[in-house]
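Trainee: Structure here, sequence nowhere to be found:
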Ligand SMILES: [Zn+2]
């Protein structure tokens with residue numbers, strides 16, 4: 001093991017999950033996080049490219065649920081009206 005600087009003695013080499021740059025982080029940080037990034041810009045971009053799909057699909061899923069709930073409500077109203085008529 002070679003250490004270039006005194007301060008980096010307890011740091012481990014890691015690769016930025018977004019741009020692939022070699023960075024040094026404390027082992028504790030690497031262990032704690034699934035992905036490490038060289039800076040906040042990279043972490044932001046990574047999140048931006050990896051999570052919108054999930055957000056969008058859950059959003060669509062919610063919309064579907066709302067539509068179903070609305071249909072159910074309409075159906076109930078329709079049935080109630082029919083009840084009144086008979
Ligand atoms: Zn990076």
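Mentor: Alright, I've got the coordinates. Nothing here was measured: the structure is a model prediction, and the numbers come from that model. Numbers count the residues shown, from 1 in each chain.

Trainee: from here on, contacts and neighbour counts on C-alpha atoms
Mentor: Noted.

Trainee: what domains does the record give for this structure?
Mentor: The chain breaks down by automatic domain parsing into domains covering 7-50, 51-86.

Trainee: Which secondary structure element is home to residue 31?
Mentor: Residue 31 belongs to helix 27-32 when assigned by DSSP states H and E.

Trainee: likewise residue 72?
Mentor: Going by DSSP H and E, residue 72 is part of helix 52-85.

Trainee: and that helix, what's its mean pLDDT?
Mentor: For helix 52-85, mean pLDDT rounds to 80.

Trainee: With stretch 31-38 instead?
Mentor: In the prediction, stretch 31-38 has an average pLDDT of 90.

Trainee: Show me which positions of that stretch end up buried.
Mentor: 36, 37, 38 (16 or more other C-alpha atoms under 10 Å).

Trainee: For the first one, what are phi and psi?
Mentor: Pointing back at residue 36 there. Note on residue 36: backbone dihedrals following degrees, to the nearest 10 are phi -110, psi 150.

Trainee: ok, now which ones touch it?
Mentor: 14, 15, 16, 17, 30, 43 (C-alpha atoms under 8 Å, 6 or more residues apart in numbering).

Trainee: This protein against the ion: which residues are in contact?
Mentor: Residues of the chain lying near the ion by C-alpha under 5 Å from the ion: 16, 19, 38, 42.

Trainee: what about stretch 11-23, distance to the chain center?
Mentor: 20 Å (C-alpha atoms, centre = their mean, to the nearest Å).

Trainee: From the rest of the structure, what touches it?
Mentor: 24-27, 30, 35-38, 42-43, 45-46.
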